[in-house]
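[1] how would this look folded up:
(one chain, ligands or ions: 1)
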Amino acid sequence: MTAVAMTACTGQADKGSSKEFNYMVDKFADLEILRYQVPGFESLSLRQKQLLYHLSEAALMGRDILFDQNGRYNLAIRRTLEVIYTDYKGDRENPEFKALETYLKRVWFSSGIHHHYALDKFQPEFSAEFFMNCLHQVDASKLPLQQGENVDQLLAKLARVMFDPSVMPKRSVQSGDDDLILASSNNYYGGGINQKEVEDFYAQMKQGQDTIAPISYGLNSRLVKENGEIKEKVWKVGGLYSEAIEHIVAELQAAIPFAENDAQKAIIEKLIAYYQTGDLKTFDAYSILWVEDTASEVDFVNGFIETYGDPLGMKASWESTVNFINKEATTRTRIISDKAQWFEDHSPVDARFKKEEVKGVSAKVITVAMLAGDCYPATPIGINLPNADWIRRDHGSKSVTIENITEAYDKAAQGNGFGEEFIWSDTERELSKQYGFQSDNLHTDLHECLGHGSGKLLPGTDPDALKAYSSTLEEARADLFALYYMADPKIIELGLLPNEDAYKAAYYKYIMNGLMTQLVRIELGKDVTEAHMRNRQLIAKWAYEQGKAEKVIELAEKEGKHYIVVNDYDKLRELFGKLLAEVQRIKSEGDYASGKALVENYGVKVDPALHKEVLERYAKLNLAPYKGFVNPIMKEVKNAKGEVTDIVLDYSEGYAEQMLRYSRNYSFLPTYNN
Ligand code: ZN
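    Prediction:
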């Protein structure tokens with residue numbers, strides 16, 4: 001599970017940072033591209049750097065997989081647009097070409113034609129006619145034409161998908177009364193298969209399953225109906241996506257000689273075995289080895305991990321991160337993980353849903369050196385894995401805060417005018433300035449390390465019982481755990497926050513974001529769809545409604561603008577505790593009806609008048625609501641004999657440059673994967 005940055009803008013005032021490193025790379029549509037630094041890389045050993053290098057190559061090798069998972073025409077569209085983009089001979093300043101460029105940049109960013117967060121299809125701002133002219137102008141042999149297909153046929157096929165708003169309108173539909181599978185245009189399910197068929201297929205598969213250690217059925221496959229037969233096409237060597245997975249495996253093999261210890265070597269070998277067999281028991285065995293390795297300094301994630309994109313929460317998108325520990329900052333998270341049992345014991349949830357023994361929650365602060373798949377260019381700021389509840393129960397979980405990313409966010413947001421526009425008064429602005437960065441990082445630590453790791457399912461509860469609402473409720477659980485404890489005197493006693501005002505910076509920002517400012521990410525007239533955003537609105541709105549009589553939170557008006565005022569922080573903490581207890585009950589019991597009601601009543605619908613106002617105020621600031629990152633270029637330095645003498649990082653690459661390089665060097669899948 002992941003934590004993502006709450007807003008594009010933290011609204012913190014200038015802290016007088018050094019400006020030598022250029023964080024800004026590009027800006028288009030609703031997106032801003034930043035770069036991150038990798039502090040400490042130079043002082044790693046050559047062996048560690050070589051390990052990072054091969055793991056990073058393995059990360060980049062899987063790039064095409066996510067494009068195909070997100071939609072069956074995505075690779076065709078990307079490849080076609082790239083040919084036009086590089087070979088177009090006409091006026092590149094022409095507005096239609098500019099619009100095509102922006103569209104391609106968005107396709108790169110989203111790994112497909114749907115918005116990475118809102119999940120709906122974005123419309124090209126150039127005409128189908130212009131697209132046609134471009135296509136006829138370029139060298140047809142470079143286009144992804146299929147056997148017997150001509151340019152006009154390719155055009156007709158792609159134009160329909162790109163330009164017709166009614167075709168593949170949403171990548172993943174996660175609520176409402178429609179058939180969620182048929183309404184979703186992602187590529188996790190094929191052949192016109194419907195929700196009931198999917199549910200029946202997996203219900204049958206789960207019959208008589210091991211309830212102590214249930215397999216994550218469906219995690220690494222596409223489910224299809226072919227000639228009336230429903231079957232899984234597994235993503236593995238020799239299966240679907242084999243062409244990319246073989247390259248991942250080759251780089252993992254190249255990494256083995258540089259492993260820091262035998263445990264890490266065994267982890268990489270087990271991951272290779274999993275990719276070779278597609279066997280989910282092997283994946284669990286890998287996950288256990290991985291979670292138990294806390295000694296290695298270099299670490300990585302590579303695989304089919306998060307299930308946010310599947311309306312039924314089973315199929316995982318491909319992702320990779322490659323990182324090493326930030327030892328100094330990890331002191332902070334160690335304090336939390338050492339006290340994990342205390343936090344579990346004192347939480348406001350019913351004793352029946354608590355873990356008697358919290359196992360091995362390990363928490364660290366990391367520095368990422370490469371991001372890929374579903375972690376690129378939009379990046380989580382924290383990750384807690386593995387996701388299988390039973391592994392977390394029996395073997396613990398590994399939780400990370402990615403501080404070189406949070407730092408880049410923070411630096412890039414300094415002095416951008418956001419806080420001046422949306423924060424109620426200087427009191428809250430001062431809180432944010434003083435404690436914003438610190439309390440945000442602590443929130444991420446608590447969310448990942450303790451929140452996701454806390455609580456347990458009652459025996460016999462199906463881990464998939466909450467279906468389309470499971471991601472939102474799981475994020476809510478983790479956020480509430482973090483929010484509840486931030487205000488606890490224990491946090492000050494442990495030295496994690498300096499005083500009893502510091503948590504208020506995080507509380508204020510959370511409510512402001514959940515009730516108001518995160519709406520900048522949503523088009524007028526649309527609902528909240530993404531799980532993390534639903535979770536934040538759910539919590540903020542629920543607290544607002546429940547505390548209304550006592551005016552815990554107010555929506556105040558000043559000169560025609562609305563602001564959040566938090567009148568009673570103590571009461572707000574009580575409300576967070578109360579909701580945490582309820583969300584934990586819902587998860588532990590698998591109470592689908594209550595979970596659905598919470599999300600639908602508080603997390604989805606938006607007040608159109610407030611939404612309009614927020615969008616107008618935000619537009620004046622000229623900021624982008626979403627951010628993503630380019631990676632550094634990681635290069636081997638060789639001597640005359642061809643031996644590697646160093647690995648170096650180069651931060652000079654631009655956004656389009658990087659995407660085109662990745663498409664040239666790391667693209668292995670056929671255009672259509674059936
Ligand atoms: Zn999370």
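[2] Any regions of this protein where pLDDT drops low?
    Within the chain, the segments meeting pLDDT under 70 span 6-19, 360.
[3] which helices and strands does the biggest strand by length in it pack with?
    Ranked by residue count, the top strand of the chain under DSSP state E comes out as strand 361-373. Strand 361-373 is packed against helix 46-61, helix 63-70, strand 317-325, helix 327-338, strand 397-402, helix 403-413, with contacts defined by 3 or more CB pairs under 8 Å, 6 or more residues apart in numbering; DSSP states H and E. For glycine as for every other residue, the C-beta is placed from the backbone atoms N, C-alpha and C.
[4] Please report the number of neighbouring residues for the residue in the stretch 101-250 of the chain that the ion sits nearest to.
    Closest residue of the stretch 101-250 of the chain to the ion, CB to the ion: Tyr117 (15.0 Å). By other CB atoms under 10 Å, the residues close to Tyr117 number 18.
[5] separation between the residue nearest to it when sequence neighbours are not counted and Asn22?
    Excluding the flanking residues, the one nearest Tyr117 by CB to CB, 6 or more residues apart in numbering is Glu530, at 5.0 Å. Distance of Glu530 to Asn22, given as CB to CB, to the nearest Å: 30 Å.
[6] Around the ion, pick out the residues from this structure.
    Met1, Ala3, Glu475, Ala478 (CB under 5 Å from the ion).
[7] Now, the residues you listed that are in helices?
    Here DSSP state H is the test, and these give Glu475, Ala478 as lying in helices.
[8] can you put the residues of the chain next to the ion in TSV and add neighbour count and distance to Leu431?
    Below are the residues of the chain next to the ion laid out as TSV (neighbours: other CB atoms under 10 Å; distance: CB to CB, whole Å):
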residue	neighbour count	distance to Leu431
Met1	27	28
Ala3	27	21
Glu475	28	24
Ala478	31	23
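[9] how about the nearest residue to Val292, chain neighbours excluded?
    In this structure residue 292 is Glu, not Val. Nearest residue to Glu292, sequence neighbours excluded (CB to CB, 6+ apart): His395, at 6.3 Å.
[10] ok, now which ones touch that neighbour?
    By CB atoms under 8 Å, 6 or more residues apart in numbering, His395 lies in contact with Ile288, Val291, Glu292, Lys359, Gly360.
[11] Got phi/psi on it?
    His395 adopts backbone torsions of phi -130, psi -10, taken as degrees, to the nearest 10.
[12] Please determine how far it is located from Ser287.
    In terms of CB to CB, His395 sits 8 Å off from Ser287.
[13] hmm, back to that, tilt between the longest strand of the chain and helix 403-413?
    Inter-element angle recorded for strand 361-373 and helix 403-413: 60 degrees (by axes from the mean of the first three to the mean of the last three CA atoms, to 10 degrees).
[14] Can you name the element that comes right after strand 361-373?
    Later in the chain than strand 361-373, the nearest helix or strand by DSSP states H and E is strand 380-385.
[15] So what touches that following strand?
    Outside strand 380-385, the residues that touch it by CB under 8 Å, 6+ apart are 1-5, 287, 290-291, 301, 305, 321, 397-402, 405-406, 409, 444-445, 447-449, 451-453, 478.
[16] Give the partner strands of it in its sheet and their orientations.
    strand 2-4 (antiparallel), strand 397-402 (antiparallel) (DSSP bridges).
[17] closest one to Met314 among those strands?
    strand 2-4 (17.1 Å; CB to CB).
[18] Off-centre distance for the closest one?
    Taking CA atoms, centre = their mean, to the nearest Å, the mean C-alpha location of strand 2-4 is offset from the chain mean by 6 Å.
[19] right, and the helix or strand after that strand?
    Using DSSP H and E, the next helix or strand after strand 2-4 towards the C-terminus is strand 24-28.
[20] For that following strand, C-alpha coordinates in PDB please.
    Extracted as PDB, the C-alpha positions of strand 24-28 are listed here (Å, rounded to 0.1, in the frame of the first residue of the first chain):
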ATOM      1  CA  MET A  24      11.700  22.200 -12.000                       C
ATOM      2  CA  VAL A  25      11.700  20.200 -15.300                       C
ATOM      3  CA  ASP A  26       8.500  20.800 -17.200                       C
ATOM      4  CA  LYS A  27       4.900  21.900 -16.800                       C
ATOM      5  CA  PHE A  28       1.900  21.000 -19.000                       C
END
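[21] neighbouring strands for that strand, and are they parallel or not?
    As defined by DSSP bridges, the strand partners of strand 24-28 come to strand 31-35 (antiparallel).
[22] Mind jotting down where the strands sit in the stretch 551-674 of the chain?
    With strands called from DSSP state E, counting those that start in this stretch, the stretch 551-674 of the chain shows them at 553-558, 561-566, 626-630, 633-638, 644-650.
[23] and those strands, which is most packed in?
    Among the strands of the stretch 551-674 of the chain, strand 626-630 has the highest mean neighbour count (mean count of other CB atoms under 10 Å), at a mean of 23.
[24] follow-up on the earlier one: next, count neighbours for the residue nearest to Tyr117.
    Residue neighbour count, defined by other CB under 10 Å, stands at 23 for Glu530.
[25] just the one 4 residues further on next, same as before
    For Arg534, the neighbour count with other CB under 10 Å is 27.
[26] can you check Thr331 too?
    Thr331 has 12 neighbours, counted by other CB under 10 Å.
[27] now swap in Asp177 and tell me
    As a burial measure, Asp177 scores 6 neighbours (other CB under 10 Å).
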